[in-house]
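J.: generate coordinates for the sequence data below:
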Amino acid sequence: MKPANLLLALLLSAGPARADWPQANGPTGNFNPKRYGHQLVSDLKDARKLWVSQTADLGFAKGSSSGYVRHLTEADTHPGAASGLIVAEGKVFASTFRPSGEVWAENLPHRKHASHRRYFGNSAVEAVLRRNAAILADDVTLAIDLKTGRTLWKAVEEGEGINRYSGKRNHFGVTPAYDEGKVFSMGTMGAVRCYDAVNGRKLWENASGPLVTASRETKAKLLATKDGFAGGGGMSASLVVAAGVLIVPQFTGRTDIPLRGLDIRTGRKLWEAPAATCRYATPAVWTHGGRQYVLCATVGQHGKYDTGKLRLIEPRSGKVLWTATSLAPTWYALSPSAKHVMVNVPSAHINPKKRKDNQPWGLMAAYRITPGEVQRAWTMPDEPQFWFENHMDICAMRRVLIRDGRVYFFSQGHTVDPAHCSRFFSILNESTGKVLHTSEALSGSPQFWLVEDRLLVIPDAAHSNRSTLELFTIDPKDFHRIGEPWKPPHENTTAYEAYMELPYVDGLFLMRNRQGQVVCYDLRAPSSSSR
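T.: I've put the predicted structure just below:
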């Protein structure tokens, strides 16, 4: 065979570029990773750290309200975006920001607090503060080798962003997306950029829209007053690609925000849908009959608990194919199966802690979906073990997964006694809603993934210094923890309302730490990892 023909044959046999976790909601649009057939370790203490990334430039991502200024004086890191990681083409992609420039928030109100005075007067500490409290920022997108942790390329938009450090609650956390050899990221001013996934060359940029306009006004004001930062409150919905269209959140609404559709080849705006999703909820890419659709839900009118909506959008045109109404606020990202999606509906019971506002408990229902229609299939029992407090503080977390005909559901804040807070984990039949298992097995504010034949859990995903990992069985007749809780030596960075999605890829689990690095752990049992 001639060399040219041999090369062509090799390229054809390789197939399309592999995307194991191409966007914030995973390879199947519902946070379920692919199944690779690996046997996992029976105790997480046996997980192996493969590498810590060469780059340490992602920032600590989240601080706390009490340590607002203290975190800004950490010399070995800086504020950065609370964005998740994605994986494609054997690379880990991340986007963030880093403070830059000489103008800093010297009139930061927190400097007046007595508890923060110890940070001033020390020249070394003040120098770090000036650096990390800069008003401008560089927007950064980078690629890391999945095998080694080596930085392959880094695209830096110098001074094009703004510092959106927010402390404990909320944060700028728009995760990038991958499709057809391209990486898409949103900068802190709202500009959307497309990079070549191989070398990081910028292919196009779209710096238009109301978010960009509002950010420019904020930037000019802060440069003049030096009063603080732009803040990233509730900028958590992330980019996704559906049917060749980049779906872009526009953080210009109080709670529910518009979505834009951009052509992935040119960045040209195709459509805009008003009040399409909650600002904390990445739209779900739902596939039916080989075609992709955009599925999203809203919170609805503030203070009214039956005005939320569920919509199905055709991604090429932006046309709304159907709408389900009279829903309770749905703050979280959706996790649809091929036939159903779980959303929040009004409970008949009022939360005693919210009785003054007449606020009902959160309660989930399954809606049967097709491209042509939507109808409620069943509702969870309106009982304490299935209730959760219906507000942003704990509703922004993802609380449900569906796989293989079962619904896995975590509830928090569900009790008739306001002095007691219980947490339940339940497994239900997807078709009928029959409860197969319920117990208080999980604790904290967890993130969880269905990984191979296990449930992988971060029990307290709201506090990075408390983050542990746990494994559970998924058999409803024998649901229990496997091994002991394991605290990774490199802590996961996260906090309230910043539940960053972390990829599981081919036996590997990827996390960010407070030192601005990516850490890769091998969860495979030795017999499986050696294959």
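
J.: every contact and neighbour count from this point should use C-alpha atoms.
T.: Will do.

J.: how about the nearest residue to residue 323, chain neighbours excluded?
T.: Spatially, and ignoring its direct neighbours in sequence, residue 323 is nearest to residue 311 (4.6 Å; Cα to Cα, 6 or more residues apart in numbering).

J.: check which helix or strand the one you found maps to.
T.: strand 308-313 (DSSP states H and E).

J.: go on, residue 349?
T.: Judged by DSSP H and E, residue 349 forms part of strand 340-350.

J.: so what's the gap between that strand and the chain middle?
T.: Here the centre of strand 340-350 is set off from its chain's centre by 22 Å, with Cα atoms, centre = their mean, to the nearest Å.

J.: what lies in contact with it?
T.: Strand 340-350 is contacted by residues 297, 305-306, 326-330, 334-336, 358-369, 382, 400, 430 when judged by Cα atoms under 8 Å, 6 or more residues apart in numbering.

J.: kindly report the same for stretch 38-58.
T.: In contact with stretch 38-58 (Cα under 8 Å, 6+ apart) are residues 77-78, 80-81, 95-98, 144, 148-151, 452, 469-471, 482-486, 506-507, 515-529.

J.: mind listing the strands in the stretch 351-500 of the chain by residue range?
T.: Secondary structure of the stretch 351-500 of the chain by DSSP state E, counting those that start in this stretch: the strands cover 360-369, 374-379, 400-403, 406-412, 423-429, 435-439, 447-451, 454-458, 469-472, 481-486.

J.: format those as a markdown table; extra columns: distance to residue 270.
T.: A markdown table is the format used below for these (distance: least, Cα to Cα, whole Å):
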| stretch | distance to residue 270 |
| --- | --- |
| strand 360-369 | 25 |
| strand 374-379 | 26 |
| strand 400-403 | 31 |
| strand 406-412 | 35 |
| strand 423-429 | 39 |
| strand 435-439 | 43 |
| strand 447-451 | 34 |
| strand 454-458 | 39 |
| strand 469-472 | 42 |
| strand 481-486 | 47 |
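
J.: quick one: these as a markdown table, columns for mean neighbour count, distance to residue 175 and mean pLDDT too.
T.: A markdown table is the format used below for the strands of the stretch 351-500 of the chain (neighbours: other Cα atoms under 10 Å; distance: least, Cα to Cα, whole Å; pLDDT from 0 to 100):
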| stretch | mean neighbour count | distance to residue 175 | mean pLDDT |
| --- | --- | --- | --- |
| strand 360-369 | 24 | 26 | 95 |
| strand 374-379 | 16 | 29 | 98 |
| strand 400-403 | 22 | 20 | 96 |
| strand 406-412 | 24 | 24 | 92 |
| strand 423-429 | 21 | 28 | 93 |
| strand 435-439 | 16 | 33 | 95 |
| strand 447-451 | 23 | 17 | 92 |
| strand 454-458 | 21 | 19 | 93 |
| strand 469-472 | 22 | 22 | 93 |
| strand 481-486 | 16 | 26 | 92 |
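
J.: helix or strand with the lowest mean pLDDT in this protein?
T.: For the chain, the helix or strand with the lowest mean confidence is helix 3-14, at a mean of 37 (criterion: mean pLDDT, DSSP states H and E).

J.: just how off-centre is the next helix or strand after it within its chain?
T.: Next along the chain after helix 3-14, taking DSSP H and E as the criterion, comes strand 48-52. Centre-to-centre, strand 48-52 and its host chain are 23 Å apart (Cα atoms, centre = their mean).

J.: what about the longest strand in the protein?
T.: Counting by DSSP state E, the longest strand found in the chain is strand 91-104.

J.: please save the CA atoms from that strand in CSV.
T.: C-alpha atoms of strand 91-104 as CSV (Å, rounded to 0.1, in the frame of the first residue of the first chain):
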residue,chain,number,x,y,z
LYS,A,91,-7.1,16.3,26.6
VAL,A,92,-8.6,18.0,29.7
PHE,A,93,-9.9,21.5,28.9
ALA,A,94,-10.5,24.2,31.4
SER,A,95,-11.4,27.9,31.4
THR,A,96,-10.9,30.5,34.2
PHE,A,97,-9.8,34.1,34.9
ARG,A,98,-6.8,35.6,36.7
PRO,A,99,-6.7,39.2,38.0
SER,A,100,-4.5,41.5,36.0
GLY,A,101,-3.5,45.1,35.7
GLU,A,102,-2.4,47.9,38.1
VAL,A,103,-5.8,49.2,39.1
TRP,A,104,-7.1,47.3,42.1
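
J.: flag the shaky bits of the chain, pLDDT-wise.
T.: Counting by pLDDT under 70, the chain contains low-confidence ranges at 1-17, 63-66, 111-120, 168-170, 394-396, 413-421, 461-466, 495-499, 528-531.

J.: okay, strands next: where are they in the stretch 151-300 of the chain?
T.: Along the stretch 151-300 of the chain, the stretches classed as strands by DSSP E, counting those that start in this stretch are 151-162, 177-179, 182-186, 192-196, 202-206, 240-242, 245-249, 256-263, 269-278, 284-288, 291-297.

J.: and the last one, which strands flank it?
T.: Put plainly, it is strand 291-297. Looking at strand 291-297 with DSSP bridges, its partner strands are strand 284-288 (antiparallel), strand 308-313 (antiparallel).

J.: can you add distance to residue 37 and mean neighbour count and give these back as a markdown table?
T.: As requested, those are exported to a markdown table (distance: least, Cα to Cα, whole Å; neighbours: other Cα atoms under 10 Å):
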| stretch | distance to residue 37 | mean neighbour count |
| --- | --- | --- |
| strand 284-288 | 23 | 23 |
| strand 308-313 | 33 | 23 |
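
J.: which one of these lies nearest to residue 73?
T.: Across the strands paired with strand 291-297, residue 73 has its closest neighbour in strand 284-288 (37.9 Å, Cα to Cα).

J.: orientation of that closest one relative to strand 245-249 in degrees?
T.: Per axes from the mean of the first three to the mean of the last three Cα atoms, to 10 degrees, the angle that strand 284-288 makes with strand 245-249 is 150 degrees.

J.: give me every residue that touches the spatially closest residue to residue 297 that is not a sequence neighbour.
T.: Closest residue to residue 297 apart from its sequence neighbours, by Cα to Cα, 6+ apart: residue 310 at 4.3 Å. Taking Cα under 8 Å, 6+ apart, we find residue 310 in contact with 295-298, 323-325, 327.

J.: go on, residue 195?
T.: Residues near residue 195 by Cα under 8 Å, 6+ apart: 182-184, 201-204.
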